[in-house]
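**Student:** The amino acid sequence is not available; the structure is as follows:
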């Protein structure tokens, strides 16, 4: 299996791709190395986007330095993984932390590829880049639902959607607490 084949399979048959990744029985060292790689690539992309397109227009993390963006990304991804495990157990699923983190690491790497394509499209046909981003985000949720279903052995995509929603809320609470502790000025909403 190579990167391109797994990337295509993730897009056309996400459930099969998730099963294939789980069948690799990745060691903790491989998963954590992949996690570190995805954080570094995400930070480089964030910094590159600010150079190419101006400050990233990220409503969730406005005006963060690349280093601070990386720190919040680490918290967001790890808290999402932990929250998804709690939510999945409540919905009758179960998995090891490393297995779920490995699946999410792969999805983040796929997302980085999609973001690079979207940034390139801005220079060719900007309106098409906006549509591409929107479609990719919606389809990304579909792929995540399949990965969540397979990863936790859930019985339906409905339960998978519930896990995604609950885990997303849990992760956002963790990030907001962290922002309140270490970067409280980001949480100010007054424009007066």
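**Tutor:** That came in fine, so what should we check first? Owing to the predicted nature of the structure, the values given are computational and were not obtained by experimental measurement.
**Student:** And the helices in the protein, which stretches?
**Tutor:** 3-12, 14-23, 28-53, 66-90, 97-124, 126-152, 157-182 (DSSP state H).
**Student:** mind putting those helices in TSV, mean neighbour count included?
**Tutor:** To be clear about C-beta, it is placed using only N, CA and C from the backbone, and glycine gets the same treatment. Compiled in TSV, these are given as follows (neighbours: other C-beta atoms under 10 Å):
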stretch	mean neighbour count
helix 3-12	13
helix 14-23	18
helix 28-53	16
helix 66-90	18
helix 97-124	18
helix 126-152	17
helix 157-182	16
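**Student:** Skipping its backbone neighbours, what lies nearest the most centrally placed residue in the chain in space?
**Tutor:** A centroid search over the chain (C-alpha atoms, centre = their mean) returns residue 108, at 4.6 Å, as the residue closest to the centre. Take residue 108 and drop its neighbours on the chain: the residue closest to it by C-beta to C-beta, 6 or more residues apart in numbering is residue 38, 4.4 Å away.
**Student:** From residue 124, how far off is that neighbour?
**Tutor:** In this view, residue 38 and residue 124 are 26 Å apart by C-beta to C-beta, to the nearest Å.
**Student:** cool, residue 19 as well?
**Tutor:** Computed as C-beta to C-beta, the residue 19 to residue 124 distance reads 36 Å.
**Student:** again with residue 95
**Tutor:** Taking C-beta to C-beta, one finds residue 95 at 40 Å from residue 124.
**Student:** likewise residue 103?
**Tutor:** Taking C-beta to C-beta, one finds residue 103 at 32 Å from residue 124.
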